[in-house]
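In: Structure for this input, please:
(2 chains)
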Number of protein chains: 2
Amino acid sequence: MKFTYQKTSRVDEQELTKIIGSLAGYQANLKDVINAGGYDSDEASINLPSDHELIYSVMQMTGKKKSPNLKYILIIGIGGSNLGTKAIYDALYGYYDVMRTERFPKMIFLDTQDADVLSNLSSLISSIADPNELLINAISKSGSTTETMANFEVVFDMLKDCFSSIADRIVFTTNVGSKLHGAGNNNGIDVLNLPEKVGGRYSIFSAVGLFPLALLGIDIEELMTNAVNIREICVNSQGVENPALVSASILYIQSQQGKNINDNFIFAPQLESMGKWYRQLMGESIGKDGKGITPTVSIGSTDLHSVGQLYLGGPKDKTTTFIYTEHSGEEIMVPQQTHLGLIEMIQGKSISSLMRAIVQGTKLAYEKQELPYMEIALESISVDEIATFMQFKMVEMMYLGKLFGVNTFDQPHVELYKIETKRILEES
Amino acid sequence: MKFTYQKTSRVDEQELTKIIGSLAGYQANLKDVINAGGYDSDEASINLPSDHELIYSVMQMTGKKKSPNLKYILIIGIGGSNLGTKAIYDALYGYYDVMRTERFPKMIFLDTQDADVLSNLSSLISSIADPNELLINAISKSGSTTETMANFEVVFDMLKDCFSSIADRIVFTTNVGSKLHGAGNNNGIDVLNLPEKVGGRYSIFSAVGLFPLALLGIDIEELMTNAVNIREICVNSQGVENPALVSASILYIQSQQGKNINDNFIFAPQLESMGKWYRQLMGESIGKDGKGITPTVSIGSTDLHSVGQLYLGGPKDKTTTFIYTEHSGEEIMVPQQTHLGLIEMIQGKSISSLMRAIVQGTKLAYEKQELPYMEIALESISVDEIATFMQFKMVEMMYLGKLFGVNTFDQPHVELYKIETKRILEES
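Out: Next comes the predicted model:
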């Protein structure tokens, strides 16, 4: 991962240095959290990547549950319980699932509640002959998430109709001592623990993300090593050498200058779910006390043909983070002699070089319009680069929350609609 | 479709009446365009739904190309060339494709350029034995869209390797007299015409949308009848009885009061692509001359667990359009006696009643926070309701463009990155 911001971010260097400097105390605090280890502080998630016991317990569970004919992993969870896993799954596999009918295991995500989705899922489940083809991971910190528990109960009902015994194909991921933890123990369902202080949007390197990823065959030890490496840079590097400090400071300065939108313009369609993971991270972490930045996700080059006009010609209310990859897995070439011969300049070019030209052209257009942007270049679309991006962004968000003067780790306003919904359900 | 705005939109009634009144001249103009018929004016797209010749030509082509064993329809096009079709396909089928492995035909959308996507597509194509299982529809107004032509050339190369003859499994949709039109004629490839004055974002009821939809077996005559019905209401109804006039006026008034974001909060995950279609419609139509509103798409209840905190507790910079459905296809119940028994209030409830309670709870929370919103209730997720929504929104956008005083039908700034990209490619 390469982070670039010079000049194009259009912030005053002195102002940037000042804001970065104001974070020195909090930076020292993050170091203390890492040195102390454990999961007692609000920033607890920062200690996940170096938790070897965690890796061991996830690998134990994976060994127990993985079967050679595993075809479908059903993730039942919403928000922080699935967005990180979905980001990585979609990047590596999910985006191609309709084209790769014979590749398994496929992951299916049940988050919100929808009768049509459940009815289609029911067809799929009844087509499964052997319970070992299926693994269900239900994830909820508390066990009181309405959507997750309703979806689990409906799915469990479907499973009961198809299989005589299914409990050993289910795993719960939850806080120690939660209602869901107790229910797992009472029903012979295995449970993975999530530390109380690790919030959903910071949980990708806990069992929430690691267990499903390990089931896919992803090397979670390597993943964690990558996360530790970038964590050290984001916590220990000084001043403008520290990408998390710089990125947070630029987002803050721009927001104070009226840019209330942070567009994450990702030139890789497979990474749209990664953008949505970041959207939660930023939305829930700093959107409070009347403050916040609205995160948006755009996909290049698709959205150049959609909202590109607005971005280049509309109000200057955004700061942009361009995200792109430097290399693709396989080179695909436009033939030297094209069949129709309509556009000369594409002949004999590789598809990735065309995309690089579009990224470059877009950056130049943004500069001409004096639109501020930062850049994140991923070496390739790999789990290690995505993990690096995620750990970088989680530390960035802690710095940004400090700059905004908010509690980065709570989400009190989510209760507002939950209270109303609960009242309606209890009365009906 | 039911549109509601009273009180919750938080605009002054007198102000609303004044703004609606200011559109009387343009409303008369739209009536004139319909009475004149044809495709000469900027608003030409409004005449598509009553074009019987168009329906006939699309049905002719569908009859010619449809085969009983059609398995994959490959749509090569970007922006306005695929967003409308994808909105309807995903709502009815696409969202479930991974769960419904045996349902065909499946639609695959190639829009941006990506080597990994093309490499996976290549695997799929080489698994196809009979060319009648495949239909390729390449769509470009001009035939000079880089991504579309590059993707077509690469795909054509793959096809040549697999089949001795493939031209009759390809259809081009393009302007009469375009380079692509000529290339179709020269290569024995059938061509469907798109009127010059119909821009991509207003083209869903042209051959661009109708042909792929007819291939899916959708009754395009009924679809067009629905579009005509809502068009008449949006053009002929007076004052607050006209949903397009009201919606445009509210969006305009709110934007003048500093709400620079219009969040389309859709409580139906299948309709995310419909939201993205609207995102282009609004982004490209009014995002110019330094003006515009940034359209965002949120999915309920998923995003209540993601950006809900920001929306309810962050800056009041948004006006929201809640979109939800009144009925689901099939009733799915949470068992009366749940297995885990963790949440009493969900027991014996239908999944759709739980979702309705969440929508209701969210609306109450927005009211408590004094956040303005409008509502669009779709009767169900059906092609007719989506077509109604789309025609309503296209007329709304014409009114909104008039209020903003911009050219609703051009997109001049998109050229900025294209010029730079072209220069880079020509130099490389």
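In: what about the lengthiest helix in chain A, distance to the chain center?
Out: When chain A is parsed with DSSP state H, its longest helix is helix A:383-404. Centre-to-centre, helix A:383-404 and its host chain are 11 Å apart (Cα atoms, centre = their mean, to the nearest Å).
In: can you give me the helices for the stretch 51-200 of chain A?
Out: All helices of the stretch 51-200 of chain A, identified by DSSP state H, counting those that start in this stretch, fall at A:52-65, A:83-92, A:115-126, A:146-162, A:179-186.
In: So which of the ones you listed is the most surrounded?
Out: Of the helices of the stretch 51-200 of chain A, the one with the most neighbours on average (mean count of other Cβ atoms under 10 Å in any protein chain shown) is helix A:83-92, at a mean of 25. Yep, even glycine has a C-beta here, placed from its N, CA and C like the rest.
In: Establish whether it and chain B are in contact.
Out: Yes - contact between helix A:83-92 and chain B, assessed by Cβ under 8 Å from any Cβ of the partner chain, occurs at A:Leu83.
In: what's next to that helix, contact-wise?
Out: A:75, A:94, A:107, A:109, A:201, A:203-204, A:208-209, A:212-213, A:216, A:218, A:270-274, A:276-277, A:280, A:381-383, A:386-387, A:390, B:306 (Cβ atoms under 8 Å, 6 or more residues apart in numbering or on different chains).
In: Name the residue of the stretch 1-150 of chain A with the shortest distance to chain B.
Out: Using Cβ to the nearest Cβ, A:Gly79 is the residue of the stretch 1-150 of chain A that sits closest to chain B, at 2.8 Å.
In: quick revisit: between the helices of the stretch 51-200 of chain A, which one is closest to A:Ser255.
Out: Closest approach to A:Ser255 among the helices of the stretch 51-200 of chain A (Cβ to Cβ): helix A:83-92, 23.0 Å.
In: Helix, strand, or coil at A:Asn264?
Out: A:Asn264 falls in the strand class when you classify it by DSSP: H, G, I helix; E, B strand; the rest coil.
In: In the sheet, which residues pair with it? Tell me.
Out: A:Val297, A:Thr321 (DSSP bridges).
In: And the pLDDT for it?
Out: At A:Asn264 the predicted local confidence, pLDDT, stands at 98.
In: That one: neighbouring residues, count only.
Out: By the other Cβ atoms under 10 Å in any protein chain shown criterion, the neighbourhood of A:Asn264 contains 23 residues.
In: quick one: contacts for it?
Out: So A:Asn264 contacts A:275, A:278-279, A:295-298, A:320-321, A:323 (Cβ under 8 Å, 6+ apart).
In: For the stretch 101-250 of chain A, what lies in contact range of chain B?
Out: When proximity is defined as Cβ under 8 Å from any Cβ, the stretch 101-250 of chain A approaches chain B at A:101, A:106, A:108, A:111-121, A:123-124, A:143-147, A:149-150, A:152-154, A:156-157, A:179-180, A:183, A:187, A:200.
In: which stretches of the stretch 251-400 of chain A aren't confidently modelled?
Out: In the predicted model, the stretch 251-400 of chain A carries no residue with pLDDT under 70.
In: Run through the strands of it in chain order.
Out: Ranges of strands in the stretch 251-400 of chain A, per DSSP state E, counting those that start in this stretch, are A:261-266, A:294-299, A:318-325, A:373-378.
In: now for the longest one, which elements pack on it?
Out: Helices and strands in packing contact with strand A:318-325 are listed as helix A:243-256, strand A:261-266, helix A:351-368, strand A:373-378; criterion 3 or more Cβ pairs under 8 Å, 6 or more residues apart in numbering or on different chains; DSSP states H and E.
In: Now the residue in the stretch 151-300 of chain A positioned nearest to chain B. Nearest residue, chain neighbours left out?
Out: Closest to chain B within the stretch 151-300 of chain A is A:Gly287: 2.6 Å, counting by Cβ to the nearest Cβ. In space, A:Gly287 comes closest to B:Leu310 once its chain neighbours are excluded; the distance is 2.6 Å by Cβ to Cβ, 6 or more residues apart in numbering or on different chains.
In: same question, A:Tyr93
Out: A:Arg103 (6.9 Å).
In: Model confidence score at the one you found, please.
Out: A:Arg103 is assigned 96 on the pLDDT scale.
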